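1. My questions are about this predicted structure, shown below with the sequence.
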Amino acid sequence: MLFFSFLLVFSASFYSVDSFGREWNSDLNENQFHYKTISSNSIDFTLSNFVILKEVNDAILSGMPVVALESTVISHGMPYPQNLQTGKELEEIVRKNGAVPATIALMNGKILVGLNESSLLDLALLGHKAHKTSRRDIAYVLSGKKCGATTVSATSWIASKVGIQVFATGGIGGVHRFGENTMDVSADLTELGRTPIAVVCAGAKSILDIGRTLEFLETQGVPVIGFNTTEFPAFFTRKSGFETSASAKDAKECAEIIEAQMNLGLEGGIVIAVPVPEEEEAEAQIVEDATIQALEESRKQNIRGKDATPFLLKTIADLTGGLSLKANVALIKNNAKRGSEIAVELSKLKTKIPNEQRGQEMNDSTQSEGVERTEYPKVVVIGGMVLDIISRSDAKSVFATSNPGKIVYKSGGVGRNILEGLLRLGTDAFFISSAGRDNEANRLISELQNIRNMSTEGILYSDKTATAVYNAILDEKGEMIVAVADMKNFEELTPAHISKYHREITNAKLVVVDGNLPQNTLDRVLGMAKGKVVFEPTSVSKSIKVAARLEFLHTITPNMDEIEAIVNEVDPTFYLPPHHGHFVDNYARYIKFLLGKGVKNVLLKMGDKGVLYGSKERICEAGEKVERESGCYFAFREAKKVEDIINVTGAGDSLVAAFIHGVMDGKSECKSLEYGLAAAKLSLESDSAVSPKLNPESIK
């Protein structure tokens, strides 16, 4: 487990001492903002470029309410030390109201989700010298290892990527005044149109053209919900003269709207507009007069782009004698409070199973709406659901021309095949996958439900991509010649979608994952499942996704090509001489290597030769054939003879499903291997990936 804390490393120059008795360099800029790691327990998990504070990561995984906070309020919103004090107070408000704060910033080539005290102080000290980071700037700031303070658009995107659904800020950006001429429109608006996040704010900043801002949001399909109001607030003031698209009386109603939008899979976010507390409201006419003067001054100084908003807010604060700044601080704190209340209510909804999404539960227990789950499936399967198009030649294939043969359409996808095997064998399983909104998806799902009633709650339906399709060309013997796969739909399986089912995942005995998952989504599952993951590689290229993450795996189920690829990715110098001893001995060396890197178990599929299972723990029962070498246990079982192979596309998936079924049924690993080989034989003899004949009796 990686643990990080961050300290600023200062170059030799003029130093000051802050109120904490700490030296800092007043000449720092974003390029000098480099910090080193020290031993700490503050960071729990990393996802590619993301580093998530332990408190935040634990909250996300356990389903606790989390509220994202932007960091430009610290760097650009107000001067030091008021900015630091406000940043700390915002986090404390979130905690007092039952949620976990996640202030977001970019530092030293990493996206930090949650800042420890040291990083918060560093950002406050750097102030305006931090790079104001919108969505477009993220890659630039990361690659240059600069310090980036996130705006609404960047914070929204980052929060959504890690599964945070509520974000509290001061006010959103919008269409600037005279925007019809300057085309100055904030990236916040387009981000809200494409990122699933609820932004709790005091409306749009009053320096903007609020009417056009609301029109833009309507065009983007973004609901604007007034919190106990029907009038859109104008940041410093409670009224703007414009109506919201809808209203909610309290945090519970806001959470219900958010949950409904997320469950529908609608693209884009939601604006929750919260008026500034009445006692803290600035006088509208004073603010408007100051705004007009500030706009004129910015025009004279030719201030535009990302520098415009900080300049205007500061100028207005000066012109109002600090009244606007007082209102600014008050509304930000109020939004943090309301955002936390909404996040708490949303978290409560996540523990309940809505009737309209539940379908029939896979066990015999029925649950009425609003009742929390008391039982969870033994197995969660996360992976692909694919329409397989299988073409097989009648005679020896002739390339570069058409060949007479048979073309069939079958249900497939590694994750789906394993799920079907488990369902046919009677093992309780929950499915997390993605599909398009098309007939192919309806067909795939209905076939599963015809086998056994199952929940479709974990399936994400996309309007952007079609259901995945796999097109395999087989020779006259049923052996694969080539295949083409359109798997773009799997990109819809984001960490945010996976995090919705943290309870199913954390309560499962095993979590089966196929290699089609995007890397950051796979990492999210590995962090949630905590050593319970069974990884099915699916292909040589995808097998190496876990090469640097082997210690997180319970079991890996590669074929012979895939295990070689994984081992060579981990250690390119690993060499196995050709024809060195019996083939089982050779591949046992690969298994020993992986066991030595942290994998608990390896199930190696060896085609028509059979299967080799290796573990560091004692396997099988007394009397069952097993070998022991160098602290590792091995069991080899020969494949069952098949007279007429019809297709090979689902044999490995069927083997894995039956093996897991055996283990979940309390059988030994050796007996479960026998189950797996029997299921593989049935698959080879069938024109379906998983044989319709597969059942508990057929594998005994």
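-> Perfect, I can see it now.

2. For the rest of this, base every contact and every neighbour count on C-alpha atoms.
-> Noted.

3. Tell me which residues touch the closest residue to M487 other than its chain neighbours, please.
-> Leaving aside its sequence neighbours, M487 sits nearest to A468 (CA to CA, 6 or more residues apart in numbering; 4.9 Å). Counting by CA atoms under 8 Å, 6 or more residues apart in numbering, A468 makes contact with 384-387, 435-436, 485-490.

4. cool, L217 as well?
-> 189, 192-193, 223-224.

5. again with V379
-> Contacts of V379 by CA under 8 Å, 6+ apart are 427-430, 508-512.

6. what's the answer for M528, then?
-> M528 touches 61, 502, 505-506, counting by CA under 8 Å, 6+ apart.

7. Let's have the residues you listed in a markdown table, adding secondary structure, pLDDT and neighbour count.
-> A markdown table is the format used below for the contacts of M528 (DSSP: H, G, I helix; E, B strand; the rest coil; pLDDT from 0 to 100; neighbours: other CA atoms under 10 Å):
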| residue | secondary structure | pLDDT | neighbour count |
| --- | --- | --- | --- |
| L61 | helix | 73 | 21 |
| H502 | helix | 85 | 20 |
| I505 | helix | 91 | 30 |
| T506 | helix | 88 | 20 |
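
8. got CSV for the residues you listed, with distance to L444 too?
-> Formatted as CSV, those follow (distance: CA to CA, whole Å):
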residue, distance to L444
L61, 30
H502, 25
I505, 23
T506, 27
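
9. for those residues, which one is nearest N647?
-> I505 (32.8 Å; CA to CA).

10. check contacts around that closest one.
-> I505 neighbours (CA under 8 Å, 6+ apart): 380, 511, 528-529.

11. Quick check: the gap between it and V100.
-> From I505 over to V100 the distance is 21 Å, taken as CA to CA, to the nearest Å.

12. just T190 next, same as before
-> In terms of CA to CA, T190 sits 27 Å off from V100.

13. Which one of those two is surrounded by more residues?
-> When neighbours are counted by other CA atoms under 10 Å, T190 and V100 differ, and V100 comes out ahead with 27 against 19.

14. Give me the number of neighbouring residues for the residue lying closest to that one once chain neighbours are set aside.
-> Leaving aside its chain neighbours, V100 sits nearest to V66 (4.6 Å; criterion: CA to CA, 6+ apart). For V66, the neighbour count with other CA under 10 Å is 31.

15. A168 is in contact with V66, correct?
-> No - using CA atoms under 8 Å, V66 is not in contact with A168, being 10.4 Å away.

16. Select only the buried ones of the contacts of A468 in PyMOL?
-> With 16 or more other CA atoms under 10 Å as the criterion, this PyMOL line picks the buried residues out of these:
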select buried, resi 384+385+386+387+435+436+487+489+490
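
17. Of the contacts of A468, which one scores lowest on pLDDT?
-> Of all the contacts of A468, A485 carries the smallest pLDDT score, 83.

18. Can you tell me, leaving aside adjacent residues, what's nearest to the residue nearest the centre of the chain?
-> Closest residue to the average C-alpha location of the chain: P495 at 0.9 Å, with CA atoms, centre = their mean. Nearest non-adjacent residue to P495, counting by CA to CA, 6+ apart: T521, 4.6 Å away.

19. Which of the three states applies to that neighbour?
-> helix (DSSP: H, G, I helix; E, B strand; the rest coil).

20. what about it, distance to E259?
-> 21 Å.

21. out of those two, which sits in the busier spot?
-> Neighbour count, other CA under 10 Å: between T521 and E259, T521 has more, with 23 against 16.

22. Do I have it right that the more buried one meets S499?
-> No - T521 lies out of contact with S499 (CA under 8 Å); the separation is 9.4 Å.
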